[in-house]
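Novice: Model the following, please.
(2 chains)
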Amino acid sequence: MIKATHRPDRRTAIKWMMTAAAALAVLEHDRPTWAAAPDGINTIGYGMDPDLLRIYHPGDLWPLTFTDRQRRAATALCDVIIPADDRSPKASDVGVPDFIDEWISSPYPEQRGDRHVILTGLDWLDAEGQRRHGRDFADFAPDQQVSLCGDICDPDKASPTLKPAVRFFKRFRDLAAGGYYTTPVGMRDIGYVGNVPLASFEGPTPDALRHIGLA
Amino acid sequence: MPLSKARKEYDVVIVGSGASGGQMAYTLTMEGVAVLMIEAGRRYDPATETAMFQTNDQAPLRGTKTPDKQRTFYDASPNSGWQIPGEPYANASSEPEREFLWWRSRQLGGRSNHWGRIALRNGPHDFKSRSRLGVGLDWPISYHDLAPYYDKVELLIGVYGTNEGHENLPNSSPGVLLPAPKFRAGELLVRHHAKKIGIPVIPCHRAVLSVRQDAERVPARLHPRNPRAQRLLTDSMSRRSACLWATDCHRGCAVGANYQSTTVHLAPALASGNLKIITDAMVREVTVDGCGRADGVVYIDKNTGSEHRARARAVVLAAGSQETVRLLLNSRSTLFPEGLGNSSGLVGKYITDSVSSSFSGQFPILENLPVHNEDGAVGGPHAFIPWWLHGEPLDFPGGYHIEFSTGRKMPSMSAATGFDWLTGRPGYAWGRQFKEDARRYYGSTQGFTAQGAMFPNEHCYSELDPVMKDRWGIPVLRYHWRWTDQELKQVVHQQKTLADLIKVMGGRSKGPPATDARKVIRNGGEVIHEVGGAVMGADHGCSVTDRWGRVWDVPNLYVADGAVFAGTASVNPTLTIMALAWRAAEHLLSELSSGNIR
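Specialist: Next up is the predicted model:
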């Protein structure tokens, strides 16, 4: 782990900057060409007749990908995007980083497309962190995290060089949200209280009917 | 069984085990007929395999669809999909809008396992479009020929809904339907506002047990004078629970609260002792004897690759309309060089699907709706919009119905994404604001889908591909598809209606409705309502089967599935498929007992 006070020497700084530039270059040319790029995935999927009753965990079906450093970056970004508040916990408390790793490690085409964007984006995040503050994104102070995310959360305002990072941010956010709101904690937070057996279906509650003006 | 030892051990061999094959097997076995059913997929048991109550975080990739599970992970469709390795099909055109998509189900019970359970009757108009509107084909039967069979099927499978006396939306007989569930909040909202623009919203009909069936009265009504059938049905009905108002019907149902062939048709048929089922068996062709009568089928054991023959006094094709077409075309012999039943040249012709497009809206009034359980009969509507513009001057024939989905449903990957355009803020939300947006907007969107009539035309058909074969060496189908102005103008009307609905409800949409229908119309086959290809008709020259589904050229060969449809109505086809199958089964019974089929 790089300490907050650490100042990289010039050679290291150049290496980081080159990594960041390379990461951006790859991000710029992502998507359609990704399927052809070697991604190191040699596993097959769960097949057309999987056991539907088993409970699956990340890593059960295919090996995960994140390096320790990528995992730290993903965890930090998950929690910036979905922090704890008075109603529900932060994303990493319910395993969202592991889910994103499961997703980008999947052998299926949709996820393989995301793999490139997410891994390159996470590497970029740390390289950019080193460039800006001399430390990885996970080691940022909260206001530094807010500032960086603020630079890459708006496609209309981001500078041209940051456009690929904006695409990464949007995709990462959507994956984090999908991972979070499908958990029991997330489902409750978003107001889903079904999936329990009932003797009868009574329709909307009186206050729900009042809310829509049909009481 | 080896070819040399094949004997006519069975009265009837049925190819396929879904809604039509199941109905055929049920009706025949209840009357003591010995039936062999051959299914291309594997054995499937909803009682032990259904993912009841599993949540998406327990599935790989949060349940997202993949090339292995093509309609989400928990969908009741093992080994099934648009593309199945080793089982290709071809399209004649490479234009995207002319591509036909073909869903194949490879499991006992076929597509009935993951069906949406919307069970609406065709109306009287739908059988006579040529006479009434000058388009499409007249069926050789009228609604009244089929009405008693609709009643029977609804009683057997259990259908919730109401009789509304709506034009071309026939009432069921008294005591047939089960009570309709209460509307969800969003459904009440649509009903309230749609009325202002003259659009009716009424209870949908679905094959879901809103209450348990009357396991004493119904069997007696369905099988008068057949105490054995009554006992078998009473036993099978007693095993079905009422809906638990939870877990999506598309997953199937472990407690038998919705219709699937396995639960409702095959269970009592097997209990009768008159049904034998062979699974993992791909039928290659129907065989004929020297007199041109069907005498059985040849099938390939998918596990060993070996070829077998099954012999029977009569053959029923219930393989799904397109698989039935393929079988007929592949059953070539000296007597039938162009395929079986194809003396008219019409096998494969006149394929139709529901004409469909969607549009969605977001409704501020539904934001922050007080939290309550909106599951209901999950995975399907309690309310729908039947076609309501009968007799209006429009620039397309026929009509469509509208389905809509509403409320806070079990979250999937997309649960909290796609709200940025609603906030009025620039960029993509994150942090505490993102969580607040998710709470506010989740469940406030509604998707509307129109599905409408399609009349047979000469441009939509299938034939054998001259080159391509499946992994067993069986020639595969090649599709031809071209929309006509009729469908495209209907879709433009659909889009405008859906946009009007959203507007009158105070909703907003991301963009305007489509004016170029080609951009939003679902592909042929994509609605999985494909029918036709062996259409029934009043005379031999212009149809493949007679009014009973009996192939004109081969009097002991029946088509029991959607292939006989002479066009798609403004409603979903499955209930009509089952009613036709029951009616065909009764005709086959009379032919067997009269000795016309030996």
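
Novice: pLDDT averaged over the longest helix seen in chain A - what is it?
Specialist: Criterion DSSP state H: the longest helix present in chain A is helix A:109-133. Regarding helix A:109-133, the rounded mean pLDDT is 96.

Novice: Determine the set of other helices and strands touching that helix.
Specialist: When contacts are defined as 3 or more Cβ pairs under 8 Å, 6 or more residues apart in numbering or on different chains; DSSP states H and E, helix A:109-133 packs onto helix A:10-28, helix A:68-81, helix A:96-104, helix A:142-151, helix A:163-181. Placement of C-beta: from N, CA and C, glycine included.

Novice: Could you report the neighbour count for A:P83?
Specialist: 18 (other Cβ atoms under 10 Å in any protein chain shown).

Novice: check contacts around it.
Specialist: Taking Cβ atoms under 8 Å, 6 or more residues apart in numbering or on different chains, we find A:P83 in contact with A:90-91, B:431-432, B:435.

Novice: And for A:L52?
Specialist: B:49-51, B:54, B:73-74, B:251.

Novice: Redo the residues you listed as CSV? Include distance to chain A and neighbour count.
Specialist: Shown next, in CSV, are those (distance: Cβ to the nearest Cβ, whole Å; neighbours: other Cβ atoms under 10 Å in any protein chain shown):
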residue, distance to chain A, neighbour count
B:E49, 7, 19
B:T50, 8, 22
B:A51, 4, 22
B:Q54, 7, 21
B:F73, 7, 23
B:Y74, 6, 25
B:R251, 8, 26
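
Novice: For the residue of the stretch 51-200 of chain B found nearest chain A, what are phi and psi?
Specialist: With Cβ to the nearest Cβ, the shortest gap between the stretch 51-200 of chain B and chain A falls at B:K182, namely 3.4 Å. Here is the backbone geometry of B:K182 (degrees, to the nearest 10): phi -60, psi 150.

Novice: so where's chain B shaky on pLDDT?
Specialist: B:1-8 (pLDDT under 70).

Novice: switch the cut-off to 90
Specialist: Applying pLDDT under 90 to chain B flags residues B:1-9, B:598.

Novice: Could you identify the longest strand within it?
Specialist: Taking DSSP state E as the criterion, chain B has its longest strand at strand B:307-317.

Novice: Just give the closest residue to the residue of the stretch 351-500 of chain B found nearest chain A, not the sequence neighbours.
Specialist: Across the stretch 351-500 of chain B, the shortest distance to chain A (Cβ to the nearest Cβ) belongs to B:G427, at 3.0 Å. Nearest residue to B:G427, sequence neighbours excluded (Cβ to Cβ, 6 or more residues apart in numbering or on different chains): A:D154, at 3.0 Å.

Novice: Please tell me I have it right and that neighbour contacts A:F169.
Specialist: No: A:D154 lies out of contact with A:F169 (Cβ atoms under 8 Å); the separation is 9.4 Å.

Novice: Can you work out which residues contact both of these two?
Specialist: B:Y428.

Novice: quick one, which of those two is more surrounded?
Specialist: With neighbours defined as other Cβ under 10 Å, A:D154 and A:F169 compare such that A:F169 has more, 27 against 17.

Novice: Distance check, that one against B:N168.
Specialist: Here A:F169 is placed at a distance of 52 Å from B:N168 (Cβ to Cβ, to the nearest Å).

Novice: Quick check: next helix or strand after the longest strand of chain B?
Specialist: Later in the chain than strand B:307-317, the nearest helix or strand by DSSP states H and E is helix B:321-330.

Novice: who's in contact with that following helix?
Specialist: By Cβ under 8 Å, 6+ apart, helix B:321-330 touches B:15-16, B:40, B:102, B:104, B:283-286, B:317-319, B:339-342, B:347-348, B:351, B:462-464, B:474-477, B:530-534, B:544, B:551, B:559, B:561-563, B:565.

Novice: which helices and strands does the helix or strand immediately after that helix in the chain pack with?
Specialist: Proceeding N to C from helix B:321-330, the next assigned helix or strand is strand B:355-362, under DSSP H and E. Packed against strand B:355-362 by the contact rule (3+ Cβ pairs under 8 Å, 6+ apart) you find strand B:445-452, helix B:485-504.

Novice: try 10 Å
Specialist: Contact here means 3 or more Cβ pairs under 10 Å, 6 or more residues apart in numbering or on different chains; DSSP states H and E; on that basis strand B:355-362 packs against strand B:400-405, strand B:445-452, helix B:485-504.

Novice: which parts of the stretch 151-300 of chain B sit against chain A?
Specialist: Contact residues, the stretch 151-300 of chain B versus chain A (Cβ under 10 Å from any Cβ of the partner chain): B:181-189, B:191-192, B:210-211, B:241-248, B:251-252, B:255.

Novice: Just the element for B:L592, please.
Specialist: Secondary structure from DSSP H and E places B:L592 in helix B:574-594.

Novice: in that helix, what's buried?
Specialist: By neighbour count with 16 or more other Cβ atoms under 10 Å in any protein chain shown, helix B:574-594 contains the buried residues B:574-586, B:588-589, B:591-592.

Novice: One more: stretch B:225-235?
Specialist: B:226, B:229-230, B:232-234.

Novice: could you dump it to CSV, C-alpha only?
Specialist: Extracted in CSV, the C-alpha atoms of stretch B:225-235 (Å, rounded to 0.1, in the frame of the first residue of the first chain):
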residue,chain,number,x,y,z
ARG,B,225,-70.1,-40.9,-17.9
ASN,B,226,-66.4,-41.5,-17.4
PRO,B,227,-65.9,-42.2,-13.6
ARG,B,228,-62.3,-43.3,-14.1
ALA,B,229,-61.3,-40.1,-15.8
GLN,B,230,-63.1,-38.2,-13.1
ARG,B,231,-61.1,-40.0,-10.4
LEU,B,232,-57.9,-39.4,-12.2
LEU,B,233,-58.6,-35.7,-12.6
THR,B,234,-59.9,-35.3,-9.1
ASP,B,235,-56.6,-36.7,-7.9
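
Novice: returning to what we had before: among the contacts of A:P83, which pair sits farthest apart?
Specialist: Based on Cβ to Cβ, the longest span within the contacts of A:P83 runs between A:A91 and B:R432 and measures 12.5 Å.
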